[in-house]
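A.B. asks: Fold the following and give me the result.
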Amino acid sequence: MNNTGLTRDKSAILLIYTGGTIGMKEDPTVQALRPFDFSQILEEVPELGKFAYRIDSYTFDPLIDSSDVEPAMWQELVRVIEDRYDSYDGFVVLHGTDTMAYSASVVSFMLEELTKPVIFTGSQLPIGTPRTDGKENLISSVEIAAAKDSEGHAIVPEVCICFDNVLMRGNRASKINSDNFRAFRSPNCPPLAEAGISIRYSDRHIRKPDSWDKRPLFHKELDTRVSILKLHPGITPQIVRTILCSTDTRAVIIETYGAGNAPSKEWFLDIVKEASSMGKILLNVTQCMAGSVNMDIYATGKCLKEAGVTNGYDSTTESSLGKLFYLLGVFKDNESVKAGLERDLRGEISK
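C.D. replies: As a prediction, this is how the structure comes out:
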């Protein structure tokens with residue numbers, strides 16, 4: 001851990017660099033991008049010094065490319081936050097953008113009853129390059145992580161993604177653009193804050209803990225035996241059976257059409273029923289960016305419901321995956337997992 005030497009006039013923030021574009025800087029000797037030393041963050045982003053926060057840093061070793069993120073990384077991240085929870089007022093996680101929505105989603109479930117912000121951010125361009133979005137994303141994330149109300153409580157005690165001046169609930173966001181600064185969207189949940197001349201918080205959409213005095217629960221047990229079946233015209237019985245009935249999975253996320261619809265072919269419903277009878281947990285989420293699953297509207301949706309498929313409502317695929325990893329790790333019986341899927345645990349569904 002490295003201390004930048006700032007005083008704690010307002011808040012203490014821990015920057016956790018896991019890897020990703022935001023922490024890269026061009027090495028002039030070889031003209032290649034290399035990670036820079038986050039203990040020297042004020043040299044790269046001197047604007048942070050104007051906050052007068054204490055800003056420390058923790059860097060993963062080795063650094064993890066966003067595409068290589070695995071459950072062990074999430075478990076280590078939660079350990080870092082747990083070990084240092086009492087020493088900081090907020091945490092900013094610097095992460096590659098490709099899997100940021102997955103990481104923010106699963107971590108939101110691993111941290112129960114948060115009282116402090118955990119803000120994920122990153123950039124589309126390295127922080128040392130002209131026109132980088134990294135500086136603005138980092139500055140806004142640090143300011144939000146440090147923000148407190150008049151009673152000294154965190155204004156946003158949630159796991160969030162801060163990108164391009166918008167703060168989104170972590171388990172509601174998806175990456176929708178690979179070459180634009182507005183890389184993330186949260187179609188089914190309004191922004192928790194927007195950064196303009198000032199940062200405007202949407203208090204009515206921000207979740208608060210039941211008690212500010214209790215330490216959160218840090219869940220590190222994950223069961224990742226989950227597959228995803230994305231329906232498409234022309235999908236074959238062999239593909240559907242291989243994914244739904246695999247002996248290596250406990251649960252399958254079925255990405256359906258529209259409001260939760262699927263093929264009405266007899267063979268498809270027979271395989272769904274077969275998987276359900278095998279004890280598989282089947283979760284219905286829509287392929288649409290916005291909107292919700294409603295299995296009571298159309299006949300195909302009703303058939304899925306009757307076959308034992310659970311409603312994912314308006315949750316994203318990333319959030320559904322993280323929620324299943326968490327619930328399967330906590331519960332060994334499927335009925336408890338299904339009951340958890342139907343409940344809004346961390347603001348991941350609108351109910």
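A.B. asks: does the residue nearest the centre of the chain sit in a helix, a strand or a coil?
C.D. replies: Centroid check for the chain by Cα atoms, centre = their mean gives residue 104 as the closest residue, at 2.0 Å. When classified by DSSP: H, G, I helix; E, B strand; the rest coil, residue 104 comes out as helix.
A.B. asks: Quick check, it in contact with residue 172.
C.D. replies: No: between residue 104 and residue 172 there is no contact under Cβ atoms under 8 Å: 9.2 Å. C-betas here are computed from N, CA, C, even on glycine.
A.B. asks: Strands of the stretch 51-200 of the chain, residue ranges please.
C.D. replies: Per DSSP state E, counting those that start in this stretch, the stretch 51-200 of the chain carries strands over the ranges 54-59, 90-94, 111-112, 118-121, 159-163, 166-169, 174-175, 184-185, 193-195, 199-201.
A.B. asks: The first one: which residues count as buried?
C.D. replies: Taking 16 or more other Cβ atoms under 10 Å as the neighbour-count basis, strand 54-59 is seen to contain the buried residues 54, 55, 56, 57, 58, 59.
A.B. asks: Distance check, the third one against residue 147.
C.D. replies: Taking Cβ to Cβ, to the nearest Å as the criterion, residue 56 is separated from residue 147 by 18 Å.
A.B. asks: same thing with the first one?
C.D. replies: According to Cβ to Cβ, residue 54 and residue 147 sit 15 Å apart.
A.B. asks: next one: the second one
C.D. replies: Spatial separation of residue 55 from residue 147 under the definition Cβ to Cβ is 15 Å.
A.B. asks: same question, the last one
C.D. replies: Relative to residue 147, residue 59 is positioned 25 Å away (criterion: Cβ to Cβ).
A.B. asks: Surely residue 16 forms part of a strand?
C.D. replies: Yes: Residue 16 forms part of a strand when assessed by three-state DSSP.
A.B. asks: ok, now how distant is residue 196 from residue 250?
C.D. replies: Taking Cβ to Cβ, one finds residue 196 at 45 Å from residue 250.
A.B. asks: Looking at these two, which has the bigger crowd around it?
C.D. replies: Neighbour tally, residue 196 and residue 250, criterion other Cβ atoms under 10 Å: the higher count belongs to residue 250, 18 against 7.
A.B. asks: Next up, the contacts around the more buried one.
C.D. replies: Applying Cβ atoms under 8 Å, 6 or more residues apart in numbering to residue 250 gives the contacts 223, 225, 226, 280, 281, 328, 334.
A.B. asks: one more time with 10 Å, if that's ok
C.D. replies: If a contact means Cβ atoms under 10 Å, 6 or more residues apart in numbering, then residue 250 has 223-227, 279-281, 324, 328, 332, 334, 337 as its contacts.
A.B. asks: Report the buried residues of stretch 14-30.
C.D. replies: For stretch 14-30, by 16+ other Cβ under 10 Å, it's 14, 15, 16, 17, 18, 19, 20, 21, 22, 23, 24.
A.B. asks: Quick check: bridge partners of the last one?
C.D. replies: Here residue 24 sits in beta bridges with residue 35, as judged by DSSP bridges.
A.B. asks: who touches the residue lying closest to the residue nearest to the centre of the chain once chain neighbours are set aside in this structure?
C.D. replies: Excluding its sequence neighbours, the residue lying closest to residue 104 (Cβ to Cβ, 6 or more residues apart in numbering) is residue 170, at 3.0 Å. Residues near residue 170 by Cβ under 10 Å, 6+ apart: 93, 100-109, 118-120, 158-162, 184, 186, 192, 318-319, 322, 346-348.
A.B. asks: Recalculate using a threshold of 6 Å.
C.D. replies: Counting by Cβ atoms under 6 Å, 6 or more residues apart in numbering, residue 170 touches 104, 108, 159, 160, 161.
A.B. asks: how close does it sit to residue 100?
C.D. replies: Distance from residue 170 to residue 100, by Cβ to Cβ: 9 Å.
A.B. asks: ok, now residue 299?
C.D. replies: Between residue 299 and residue 100 the computed distance is 38 Å (Cβ to Cβ).
A.B. asks: Neighbour count: those two, which is higher?
C.D. replies: residue 100 (28 against 9).
A.B. asks: Grab the nearest non-local neighbour of that one.
C.D. replies: Spatial nearest neighbour of residue 100, excluding adjacent residues (Cβ to Cβ, 6+ apart): residue 120 at 5.5 Å.
A.B. asks: before we move on, back to that, hey, what's in contact with both of residue 170 and residue 100?
C.D. replies: Shared contacts of residue 170 and residue 100, defined by Cβ under 6 Å, 6+ apart, are absent.
A.B. asks: Apart from its chain neighbours, what residue comes closest to residue 49?
C.D. replies: Using Cβ to Cβ, 6+ apart, the nearest residue to residue 49 is residue 42, at 5.3 Å.
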